[in-house]
Every structure is written in structure tokens, then in C-alpha cells.
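**Student:** Predicted coordinates and the sequence they were generated for:
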Amino acid sequence: GNPTRQAFGPGSLFQIDSTVADIYLVSQLSRRRIIGRPVIYVVIDVFSRLIVGFYIGLRPASWRSAVAALRHATEDKTKYCESIGLSMPITEQEW
């Protein structure tokens, strides 16, 4: 079926997906030491098709990592932007 038909408004239905990135990360101490391939999780709002959360980790795909992505989807994005040092302040209305 079409999941968009099941979503009756923003925030009513989310989908999550994970994929292994096509890149190998190396240690900052030794570029010869491969530390792994990151797994990227994305949470989208089905109705608006906007990304509402994400998580990037080095562990294999798991429910714990999926929970981290879902947690990010529910966090205050203005505080998140401050925590990563985004130079321009973002208001809730802009997000």
C-alpha cells in the first residue's frame, strides 16, 4: 500500500531506515587504522516527507541505534543546533 494515505497529518506516522555508508572511516591517530563504516539512520515524517531525526554510529544496525534516531526526532532542535555550535541561532518557528 501507500503509507502516505495512512498519515492523516504531520507527526501521525514516521518511518525509519538505516543504511551502511559507502565509506571507511580511519582513526585520527593513525590513518592506516580503519575503524569501520558508519551506519546512518534517518527518521522521516510520512505526511510531510521531511527528515525529523537521524543518528550516525559505527555499530551494526540495531534497535538501540534506531532508538537513538527516534530520540533525536523528539528533541528540541534549537537546543540541538546550539549543542553542535551552529553559529546562527534558529528559532522553533524556523525549524
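**Tutor:** Arrived safely, thanks for sending.
**Student:** chain center to stretch 29-47: distance?
**Tutor:** Chain-centre distance of stretch 29-47: 10 Å, with C-alpha atoms, centre = their mean, to the nearest Å.
**Student:** what residues are up against residue 44?
**Tutor:** Shown in contact with residue 44 (C-beta atoms under 8 Å, 6 or more residues apart in numbering): 14-16, 50-52. Placement of C-beta: from N, CA and C, glycine included.
**Student:** where does it fall, phi/psi-wise?
**Tutor:** phi -120, psi 150 (degrees, to the nearest 10).
**Student:** and what of residue 22?
**Tutor:** phi -90, psi 60.
**Student:** how much space is there between the closest residue to it other than its chain neighbours and residue 71?
**Tutor:** Using C-beta to C-beta, 6 or more residues apart in numbering and skipping residues adjacent in sequence, the residue nearest residue 22 is residue 37, 7.7 Å away. Separation of residue 37 from residue 71 (C-beta to C-beta, to the nearest Å): 23 Å.
**Student:** can you check residue 47 too?
**Tutor:** On the measure of C-beta to C-beta, residue 47 and residue 71 end up 21 Å apart.
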